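A.B. asks: Show me how the following folds:
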Amino acid sequence: MNDEFDYYYNNVPGKGLCRNNLIYTSLINKNKTQFVQWYYNDTDYHKGKNEVVNPYLMREKFDREVHFLTLMKESYPHLIPTYNVDVLERKIHLDIDGDDFWEQAGCLEKNYDSVLPNWQDQMLEIFQAYKDLGIYKYSIHPSSYFIVDGKLKSINYFFTYDKTEPNITVSSVLSHISEDRRKELFPILESMGIDVDVPAEFKDLQMLALDSFSNNYPKDFIEKAKEIFR
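C.D. replies: This is a model prediction of the structure:
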């Protein structure tokens, strides 16, 4: 690892330092102006709880990230950070301005408004962009956003699908979902009548994803987001 970069963690109340992402290895430079998604299975970073150990799957996640970042750059460049891609190292360097949105809020929903008063409007604009492009993004954790010049910038497109792709099963992507979130996810799956081993409509999975984040966002925000995808 370059000496200019450190592992990047979120300091979660009651849990301490937690890995910022389950798939790639998260890096940040010393002055917090550049965040790196390193699509490499680093055991030290993941502390032995590695989720994606298949190198072909890791490559697919990297390719998906690059593809959808490129799509966003072409259509909505103001909604993502400026970035460059190191294909050989499988690193995506993103220009940022400090810690991610969740970290700046102390990893607490009650602090979102104090960090960025109009964050809801900005995040809903990003969701509307996905709807207009015909894509479904399931990595919507508040740590998937950085703030640059007062504007939310969205990252983590490795868990994104175009509406023209074949439907997927929940079981095929469980490695993308933390154990804590799975506990919230499975009761919702049952209530929606979704079988984990049967391909589901992307729209239904988007609703599922939003409901599973009900503890990370205000209820009224989740309802507004769901209206976009109905």
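
A.B. asks: Phi first, then psi, for Asp113.
C.D. replies: When read as degrees, to the nearest 10, the backbone of Asp113 gives phi -60, psi -30.

A.B. asks: Verify the contact between it and Gln104 for me.
C.D. replies: No. Asp113 lies out of contact with Gln104 (CB atoms under 8 Å); the separation is 12.0 Å. In short, each C-beta sits where N, CA and C put it, glycine included.

A.B. asks: Give me the residue at the spatial middle of the chain.
C.D. replies: Ranked by distance to the mean C-alpha position of the chain (CA atoms, centre = their mean), the top residue is Ser139 at 3.4 Å.

A.B. asks: Spit out the contact partners of Phe101.
C.D. replies: Contact analysis of Phe101 by CB atoms under 8 Å, 6 or more residues apart in numbering lists Tyr112, Val115, Leu116, Trp119, Pro142, Ser143, Tyr145, Phe146, Ile147, Leu152.

A.B. asks: What is the burial count for the closest residue to the fourth one other than its chain neighbours?
C.D. replies: With CB to CB, 6 or more residues apart in numbering as the measure, Tyr112 is the residue that lies nearest to Trp119, at 5.5 Å, once sequence neighbours are left out. Tyr112 sits with 22 neighbouring residues when counted by other CB atoms under 10 Å.

A.B. asks: For the one helix or strand Phe186 maps to, the averaged confidence score.
C.D. replies: Element membership for Phe186, per DSSP states H and E: helix 179-192. Along helix 179-192, the predicted confidence averages to a pLDDT of 76.

A.B. asks: So which bits of it are buried?
C.D. replies: Taking 16 or more other CB atoms under 10 Å as the neighbour-count basis, helix 179-192 is seen to contain the buried residues Arg181, Glu184, Leu185, Ile188, Leu189.

A.B. asks: pLDDT at the residue nearest to the third one when sequence neighbours are not counted, what is it?
C.D. replies: The one in question is Leu185. What sits nearest to Leu185 in space, not counting adjacent residues and going by CB to CB, 6+ apart, is Ser212, at 4.8 Å. Looking at Ser212, its pLDDT reads 86.
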